[in-house]
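S.K.: What would the 3D arrangement of this be:
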Amino acid sequence: VAVRYYDAMRPVFTQSMCGFIPFNVQELYHPGGVFYGCNQVSKNIVVGDRKRLANGNGFILGITGGGKSVEAKCEMMQVVVNTEDDLIVIDPQNEYRELADNFHGQFINISSESRNNINPLDVATLGYMESRDAFVADKTELMLGICEQILKHEITAGQRSIISRCVRKVYQEYFEQEHGKHVKCPTMAEFYEMVKKQAEHEARDIELALELFVEGALDIFAKPTNVNTESRILVYGIADLGKDLSSVGMLIMLESIRARIARNYRKGKVTWLYIDEFHNLANQPVSAAFLEKIWKEVRKLGGMVTGITQNIADLLKSKTVETMLCNSEYLNLLKQSDIEIDIFRDMLRFNENILEFVNNSECGCGILKFGDILIPKDNRLNKDSLLYQ
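M.R.: Below is the predicted model of the structure:
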């Protein structure tokens, strides 16, 4: 029973009525979290902390021009400004360089013409490994992968033994003079010279394949590292990564990122990894295998991976990526095509009412899936604002 004690009457718009009538609407507000826009139904702000999720990995998905890059950069900037966490970006179009420059980070351009060098045999991770033997074993696994990509075929048992022996000898020489003055960190050049010293005929194939990457035009991984791979903000630009360097470059880059995340974990730091044009890496066997490995490891190491892509239908051709998508507790969905809407309806069991918010939605508007919560959100930015620029 209700009694009206006030005689005055006035019309009230439904937007104002939301404050008084308990509509069935989900809200998200985690103090200290990231601002993701406003709830399109209640008009309340949406603030979420991905560290509270059981699995903070996820995707930003939408058609071209839907606002994926702006969504990603908004989150990145809040992570940089409001936390002490580290930020790593894999940038296939070199579009995040300005973000790195403005926040005093390190942009690493990986290409045959670049002056940025990354040494896969660098000893920077030595102090974070359990032992020297564990460090050498880790580098051996990396060099086996690199040589396999350079040779363009699966390496034989004999070649595996030769590569393992050469890695061990290269580091043995380094450890013997470690405390001396001007000790030079091993590079692929030293590894190449060690391979040349091996008597077995199987070493000749390895030697010949390595020549282009040590003494030839693709020698950017055969020189000492000359970029700050310990910068709090790291952006790997791979727009100019040529076909010949692609598989090797991807392998070295992803292994460098994996090692950095492990080091951060031992230091108690959280790492946010963003992979733009995620479908490009997922479609290549070498990088796809590493993505699967990183996706599992990062969660255990207190970090978070975010894939950014528009080709959801292509992604789902891989069972591995399909599992990643289905197990993601964080999904930032922007404008979708009819095909993608059908995928969300069938695979993720989204109902028709919520899917309306990604059907012909404006740039920056869509759905935020945060654990079990689904929120239609509006994160449009003023294009004249400094933040948007």
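S.K.: for residue 377, helix, strand, or coil?
M.R.: The local conformation at residue 377, judged by DSSP: H, G, I helix; E, B strand; the rest coil, is strand.
S.K.: Tell me the bridge partners for it.
M.R.: Per DSSP bridges, the residues bridged to residue 377 are residue 39, residue 366.
S.K.: which residues of the stretch 101-250 of the chain fall in strands?
M.R.: For the stretch 101-250 of the chain, applying DSSP state E, counting those that start in this stretch gives strands covering 106-109, 233-237.
S.K.: Determine which stretch of the ones you listed is the most buried.
M.R.: strand 233-237 (a mean of 24; mean count of other C-beta atoms under 10 Å). (Glycine included, C-beta is placed from N, CA and C.)
S.K.: Show me what that strand is packed up against.
M.R.: Contacts defined by 3 or more C-beta pairs under 8 Å, 6 or more residues apart in numbering; DSSP states H and E place strand 233-237 against strand 86-91, helix 97-102, strand 106-109, helix 243-266.
S.K.: Now do the shortest one, average pLDDT.
M.R.: Here strand 106-109 scores 94 as its mean pLDDT.
S.K.: Show me what that strand is packed against.
M.R.: Here strand 106-109 touches helix 97-102, strand 233-237, going by 3+ C-beta pairs under 8 Å, 6+ apart.
S.K.: What lies in contact with the first one?
M.R.: Here helix 97-102 makes contact (C-beta atoms under 8 Å, 6 or more residues apart in numbering) with 73, 76-77, 89, 91, 105-107, 233-235, 237.
S.K.: Switch these over to JSON lines; also include distance to residue 202.
M.R.: JSON lines is the format used below for the contacts of helix 97-102 (distance: C-beta to C-beta, whole Å):
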{"residue": "73", "distance to residue 202": "49"}
{"residue": "76", "distance to residue 202": "47"}
{"residue": "77", "distance to residue 202": "51"}
{"residue": "89", "distance to residue 202": "40"}
{"residue": "91", "distance to residue 202": "38"}
{"residue": "105", "distance to residue 202": "43"}
{"residue": "106", "distance to residue 202": "39"}
{"residue": "107", "distance to residue 202": "40"}
{"residue": "233", "distance to residue 202": "43"}
{"residue": "234", "distance to residue 202": "37"}
{"residue": "235", "distance to residue 202": "39"}
{"residue": "237", "distance to residue 202": "36"}
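S.K.: Which single one of the residues you listed is nearest to residue 29?
M.R.: Using C-beta to C-beta, residue 77 is the member of these that sits closest to residue 29, with 19.9 Å.
S.K.: Before I go, just wanted to say thanks for your time.
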